[in-house]
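# prediction below, plus the sequence it came from.
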Amino acid sequence: MPYIHDTPRESQSPPTSLSAASSPTYEKQEPSAETLRRNLHHESDVLIVGAGILGTALAITIARAPHNRSVTLLEKALKEPDRIVGELLQPGGVSALKELGLEQCLEEIDSIKVEGYEVIYYGQGVEIAYPANAGKVAGKDSNGSQTKEGRPQGRSFHHGRFIRRLREVALQEENITVVESTVTDVVKCGYTGNILGVNCLTQGEKDVWFGQLTVLADGYASKFRREYIPRPVVSKSRFWGLELIDVELPRPLHGHVILGDGAPVLLYQIGTRETRALVDVPEGLESASSKNGGVKGHLRQVVLPSLPDCIKPSFERALEEGKLRSMPNSFLPPSVNRFPGMIMLGDAMNMRHPLTGGGMTVAFNDVVLLKELLNPEIVPDLGNSKVILKQMERFHWKRKNLTSVINILAQALYSLFAANGTSLNSSLNPVTNKGCRPPT
Ligand SMILES: Cc1cc2nc3c(=O)[nH]c(=O)nc-3n(C[C@H](O)[C@H](O)[C@H](O)COP(=O)(O)OP(=O)(O)OC[C@H]3O[C@@H](n4cnc5c(N)ncnc54)[C@H](O)[C@@H]3O)c2cc1C
């Protein structure tokens, strides 16, 4: 491995590198050899780019027994994120989080229990409770999201608060160093082409970090995807998000899907007083064109009248207050990781329409699988890229059991729910037979 000369982090001010060994709790202890290797020589067993949902959970998992790997986690912004993504964790994600020993991250963030969905079709609702097996974890028999009363449960929350809790746990781990740094490109070996680490900017200064294995988990707008994944990302609509205050949902403790003439609207409580509204706006929608007042015009003239009466006042208030944000709804099928020294995971490698809120469940279940596949008994040396790539091929096929169901369901339900007119009415007959009827 390359050797880097550097100044010890402790001598820099303000610190950009955070590790348990340098936090006040550990101040009196001598830093371990591995901490020095990370902080002084910028070298670790595993280098992870992106302290988001996947990157943070993976860092914690492989820093802990039986892995006990030395981990560097690079993140461009350690400030609590304020985003409209990743706010409802399905029961399968709750179970995976428990499997990883991270369930405490759902506490002390004012999270809300989710028992299922309420689908409202032209004003008439039908409850779809989570089925008994909704909390199954990838490759396991466990059903950890089940409550004492036997029903699986999901959780919804402010994304930023959940990420903060995950990062707090990472910072407690002695085997992890967290660094606020923006990664710019990968470092490759000139002879073998193997990826050795990354170049980055730390507080505006050029910096470099190395790992036996580099994990790229830099999310939906991945900087590296174009070079390593041959497929294009397909995005045909955006979710526009509003935060509603003190709204009374038709069925509390449930996610709501509102269907009518337009594309679907999602509603779920993310805190005691706050409810997220996500409105799907397909590309080129006439009612959202600038001559019709843009997206705001569409929300006011088309979406607002279609909402249940109990939601209208707070939706209108949020619209007037104007904190409207959007994210692309993307689709990217998974690819096998084939690059020696590096693996790409999370949204960087695989995305589905967020209608069904499956992204975090996929990410945590992927970490559950990697916990098993990268076990030191199978992969004693993370620098052995031949073995890693073999395990990554196994990962690709093993994750299909759960992930392909989530991916296909998300795309299929979106195609169905975003359809309009007669095609939607005839497709929804099975739903309407459950008590949710189209207008006569
Ligand atoms: C509108 C919308 C709503 C959604 N709602 C849900 C939901 O309710 N439930 C659900 O399960 N899923 C939802 N998802 C999907 C979910 O948010 C993602 O699947 C999940 O966040 C993916 O995790 P990740 O770790 O791959 O990426 P992220 O969580 O986005 O993490 C990527 C991290 O990388 C960092 N980063 C990026 N570039 C760099 C760089 N160059 N250097 C250093 N760091 C970098 C970022 O700052 C970020 O912290 C939604 C998605 C969208 C678009």
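That came in fine, so what should we check first?
# low-confidence ranges, this protein, go.
For the chain, the stretches flagged by pLDDT under 70 are 1-29, 141-150, 420-440.
# flag every residue of the stretch 301-440 of the chain that's near the ligand.
327, 329, 346-348, 354, 357-361, 363 (C-beta under 6 Å from any ligand atom). (Each C-beta comes from the backbone N, C-alpha and C, glycine too.)
# next up, the contacts around the residue sitting nearest the centre point of the chain.
Centroid-nearest residue in the chain: residue 360, 4.1 Å away (criterion: C-alpha atoms, centre = their mean). Contact partners of residue 360, counting by C-beta atoms under 8 Å, 6 or more residues apart in numbering, are 53, 86, 89-90, 93.
# overlap between those and the residues near the ligand?
Okay, of those touching the ligand (C-beta under 6 Å from any ligand atom), that's 53, 86, 89.
# so how far is residue 204 from the closest residue to the second one other than its chain neighbours?
Just to be clear, that refers to residue 86. Distances taken as C-beta to C-beta, 6 or more residues apart in numbering place residue 159 nearest to residue 86, at 4.5 Å, with adjacent residues excluded. Going from residue 159 to residue 204 by C-beta to C-beta, to the nearest Å gives 27 Å.
# okay, these two: which has more neighbours?
residue 159 (23 against 7; other C-beta atoms under 10 Å).
# before we move on, back to that, of the ones next to the ligand among the contacts of residue 360 - the most surrounded one?
residue 89 (29 neighbours).
# beta partners of that one?
Beta bridges link residue 89 to residue 155, judged by DSSP bridges.
# list the contacts for it?
By C-beta under 8 Å, 6+ apart, the contact set of residue 89 is 97, 106, 154-157, 162, 357, 360-361.
# hmm, try it at 6 Å
154-155, 360 (C-beta atoms under 6 Å, 6 or more residues apart in numbering).
# and which of those residues is nearest to the ligand?
residue 360 (3.2 Å; C-beta to the nearest ligand atom).
# buried stuff in the strand or helix carrying that closest one?
Using DSSP states H and E, residue 360 sits in helix 359-373. Judged by neighbour count (16 or more other C-beta atoms under 10 Å), helix 359-373 contains these buried residues: 359-371, 373.
# could you break this structure into its assigned domains?
With domains defined by automatic domain parsing, the chain comprises 4-82+158-232+332-398, 116-152+235-331+411-440.
# and these, which is most packed in?
domain 4-82+158-232+332-398 (a mean of 19; mean count of other C-beta atoms under 10 Å).
# residue contacts, the residue nearest to residue 96 when sequence neighbours are not counted?
With sequence-adjacent residues excluded and distances taken as C-beta to C-beta, 6+ apart, residue 96 is closest to residue 364, at 3.7 Å. Counting by C-beta under 6 Å, 6+ apart, residue 364 makes contact with 57, 93, 96-97.
# go through those and say which is closest to the ligand.
Closest to the ligand, out of all of those and judged by C-beta to the nearest ligand atom, is residue 93, at 6.1 Å.
# you'd agree residue 241 is in a strand?
Yes. Membership of residue 241 in a strand is supported by DSSP: H, G, I helix; E, B strand; the rest coil.
# that one contacts residue 83, correct?
No. Contact criterion C-beta atoms under 6 Å: residue 241 and residue 83 do not qualify, at 8.9 Å.
# and the furthest pair within the contacts of residue 360?
Taking C-beta to C-beta, the two most distant members of the contacts of residue 360 are 53 and 90; they sit 13.0 Å apart.
# would you mind listing what in the stretch 151-300 of the chain touches the ligand?
Residues of the stretch 151-300 of the chain lying near the ligand (C-beta under 6 Å from any ligand atom): 182-183, 217-219, 223, 239.
# let me see the ranges of the strands in the stretch 1-150 of the chain.
Remark: strands assigned in the stretch 1-150 of the chain by DSSP state E, counting those that start in this stretch are 17-19, 43-49, 71-75, 88-89, 112-114, 116-121, 124-129.
# out of those, which comes closest to residue 301?
Closest to residue 301 of the strands of the stretch 1-150 of the chain, according to C-beta to C-beta: strand 116-121, at 19.5 Å.
# angle of that closest one against strand 124-129?
Comparing the axes of strand 116-121 and strand 124-129 via axes from the mean of the first three to the mean of the last three C-alpha atoms, to 10 degrees yields an angle of 160 degrees.
# just checking, what packs against strand 116-121?
strand 124-129, strand 254-259 (3 or more C-beta pairs under 6 Å, 6 or more residues apart in numbering; DSSP states H and E).
# so which elements touch the first one?
Based on contacts counted as 3+ C-beta pairs under 6 Å, 6+ apart, the elements that strand 124-129 packs against are strand 116-121.
# and the strand it packs on, how far out from the chain's middle?
23 Å (C-alpha atoms, centre = their mean, to the nearest Å).
# got it, and stretch 215-226?
For stretch 215-226, the distance to the chain centre is 13 Å (C-alpha atoms, centre = their mean).
# gap between the two ends of that stretch?
One end of stretch 215-226 to the other measures 16 Å (C-alpha to C-alpha, to the nearest Å).
# picking that back up, ok, so of the buried residues of helix 359-373, who is nearest residue 213?
residue 370 (10.8 Å).
# pull the contacting residues for the residue of the stretch 1-150 of the chain found nearest the ligand.
Here the residue of the stretch 1-150 of the chain nearest the ligand is residue 52; by C-beta to the nearest ligand atom that distance is 1.8 Å. By C-beta under 6 Å, 6+ apart, residue 52 lies in contact with residue 219.
# show me which of the residues of the stretch 301-440 of the chain next to the ligand is closest to residue 65.
residue 363 (22.0 Å).
# ok, the closest one touching residue 54?
Yes. With contact defined as C-beta under 6 Å, residue 363 counts as touching residue 54 (4.1 Å).
# overlap in contacts of the two?
Both residue 363 and residue 54 are in contact with residue 346, where contact means C-beta under 6 Å, 6+ apart.
# pick out the residue of the stretch 201-350 of the chain closest to the ligand.
For the stretch 201-350 of the chain, the residue closest to the ligand is residue 346, as judged by C-beta to the nearest ligand atom, at 2.2 Å.
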